[in-house]
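J.: No sequence on hand, only this structure:
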């Protein structure tokens with residue numbers, strides 16, 4: 001099952017609900033992190049419970065971009081506290097998933113899509129309804145519009 005198919009399942013709905021409860025609200029970068037994590041797991045053909053997984057998220061370390069980290073934690077079960085999730089400052093959003101066996105995959109957010117989100121969220125004073133609306137847009141956008149996946 002592809003991540004594109006997953007967003008239309010009960011499993012995705014459950015993970016999204018957990019992410020919103022953990023993070024505090026539905027927003028586009030939270031959902032983006034959730035979907036990035038699910039894509040990385042799918043590409044490595046592993047389950048969320050995989051204890052060998054190491055995740056390195058490269059993103060702008062400020063709100064709203066850093067909200068993606070919460071989505072990654074929920075989707076992968078890797079956390080900063082378990083030292084299985086590292087965060088690095090970066091101008092785009094790119095996440096590397098690595099297994100001890102040497103397998104790795106990188107999921108990078110499409111720059112055009114990221115720029116669209118930046119234009120639609122120009123400041124923290126955007127109404128919460130608008131933020132939720134953008135969260136749903138990310139939840140149901142085709143994966144090919146959101147990011148690219150590369151191996152090695």
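T.: Arrived safely. Computed from a predicted model, the values in this text were never measured in an experiment. Numbers count the residues shown, from 1 in each chain.

J.: and the helix or strand residue 149 falls within, average pLDDT?
T.: Using DSSP states H and E, the element containing residue 149 is strand 147-151. Confidence for strand 147-151, expressed as mean pLDDT, is 95.

J.: List the buried residues of it.
T.: 147, 149 (16 or more other C-beta atoms under 10 Å). (Each C-beta comes from the backbone N, C-alpha and C, glycine too.)

J.: what helices or strands is it leaning on?
T.: Strand 147-151 sits against helix 28-44, strand 104-109, with contacts defined as 3 or more C-beta pairs under 8 Å, 6 or more residues apart in numbering; DSSP states H and E.

J.: Out of the ones you listed, which gets nearest to residue 76?
T.: Nearest to residue 76 among the helices and strands packed on strand 147-151 is helix 28-44 (4.4 Å), distances taken as C-beta to C-beta.

J.: And the next helix or strand past the closest one?
T.: Sequence-wise, the next helix or strand downstream of helix 28-44 (DSSP H and E) is strand 54-59.

J.: At the geometric centre of this protein, which residue sits there?
T.: Central residue of the chain (C-alpha atoms, centre = their mean): residue 33, 1.3 Å from the mean position.

J.: how much space between it and residue 102?
T.: 25 Å (C-beta to C-beta, to the nearest Å).

J.: Residue 77 now?
T.: Residue 77 is 21 Å from residue 102, by C-beta to C-beta.

J.: Ok, residue 23 next?
T.: Separation of residue 23 from residue 102 (C-beta to C-beta) stands at 32 Å.

J.: Of these two, which one has the most company?
T.: residue 23 (20 against 7; other C-beta atoms under 10 Å).

J.: The more buried one: what's it in contact with?
T.: Contact partners of residue 23, counting by C-beta atoms under 8 Å, 6 or more residues apart in numbering, are 30, 67, 70-71.

J.: Can you add neighbour count and give those residues back as CSV?
T.: Formatted as CSV, those follow (neighbours: other C-beta atoms under 10 Å):
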residue, neighbour count
30, 28
67, 23
70, 19
71, 29
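
J.: wait, which of the residues you listed is closest to residue 109?
T.: Proximity of the contacts of residue 23 to residue 109 (C-beta to C-beta) peaks at residue 71, which lies at 11.9 Å.

J.: that older thread, I'd say the residue nearest to the centre of the chain and residue 71 touch.
T.: Yes - contact criterion C-beta atoms under 8 Å: residue 33 and residue 71 qualify, at 2.5 Å.
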